[in-house]
Structures are given as C-alpha cells and as structure tokens.
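> Task: produce atomic coordinates for the following.
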Amino acid sequence: MKKYDLLAIIKTSLDMEGIDQIITNIEDTIKGMGGNIISTDKMGRKKLAYEVNKARDGFYLSFVIELEQAKVAELRRYLKLNDNVLREFTTIYTKEKAAV
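Got it, this is the predicted structure:
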C-alpha cells in the first residue's frame, strides 16, 4: 500500500459536530476500503482563494492515509459525491526533509 496526502475542504455551514461526523464518515470509508489512517489534522476554517459553490470559506482537513492504488479513484469519487465536501485533493505522500 502507498501513502497518500488527502486534503478535503468542508462546507462551513455545518457546526463542529457535523464536521466531526464528516471526518468519521471519511475515516470509516477509508477503513472500509482496506486502508489505514496515519494522521488527521483539522486545519480549521480558512478563506478560499475563489468562490466555490457560493461559499467563500471552508473548513480544511488533512489526512495522511495508506491505501491501495486501485482504491484511490473510488475514494475520490465518494468525496466528490458528498454534498458537504467542497473540494478534495489527493497526492502521493512525500515527506520532505527539513533544511538545516
């Protein structure tokens, strides 16, 4: 399994309980596909660079996950179909070394 960075932007019209439920749903979906969640980071509410679906800000979530390459497209499709997810971005995880 490869490691991936997953960035998701959630609608801010939800309260914190709703956002926590979305996080739980995403984590359960990843585990259901046979993947592992290495870390989850709630980055908080931030202003978007441009308006997305009439939203000017979003709640940013960052995940580091392990998942089979064949399942990544299925995960992306799940996130695109979720009405509460404004955008998602998935890349292969590369940990850069800190400059000394």
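
> Now stretch 27-46: buried residues?
Using 16 or more other CB atoms under 10 Å as the test for burial, stretch 27-46 gives Thr29, Ile30, Met33, Gly35, Ile37. In short, each C-beta sits where N, CA and C put it, glycine included.

> Tell me which entries of these lie within strands.
Mapping the buried residues of stretch 27-46 onto strands (DSSP state E) picks out Ile37.

> roughly how far is the worst-scoring helix or strand of the chain on mean pLDDT from the heart of the chain?
When the helices and strands of the chain are scored by mean pLDDT, DSSP states H and E, strand 36-52 comes last with a mean of 89. Mean-position distance between strand 36-52 and its chain equals 7 Å (CA atoms, centre = their mean, to the nearest Å).

> just checking, what packs against that strand?
Other helices and strands packing on strand 36-52, by 3 or more CB pairs under 8 Å, 6 or more residues apart in numbering; DSSP states H and E, are strand 2-11, helix 16-32, strand 55-67, strand 85-92.

> mind exporting that strand as CSV, just the C-alpha atoms?
The C-alpha trace of strand 36-52 is given here as CSV (Å, rounded to 0.1, in the frame of the first residue of the first chain):
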residue,chain,number,x,y,z
ASN,A,36,-5.2,2.9,7.3
ILE,A,37,-5.4,6.4,8.6
ILE,A,38,-1.9,7.6,9.8
SER,A,39,-2.9,11.1,10.8
THR,A,40,-5.8,13.5,10.7
ASP,A,41,-5.3,17.3,11.0
LYS,A,42,-8.2,19.7,11.5
MET,A,43,-6.6,22.8,9.9
GLY,A,44,-9.6,25.0,10.7
ARG,A,45,-11.7,27.5,8.8
LYS,A,46,-9.9,29.4,6.1
LYS,A,47,-10.9,31.8,3.4
LEU,A,48,-11.0,30.3,-0.1
ALA,A,49,-8.9,31.8,-2.9
TYR,A,50,-12.1,32.0,-5.0
GLU,A,51,-15.8,31.3,-4.5
VAL,A,52,-16.7,27.6,-4.7
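
> Note down every partner strand of that strand and its orientation.
If you go by DSSP bridges, strand 36-52 pairs up with strand 55-67 (antiparallel).
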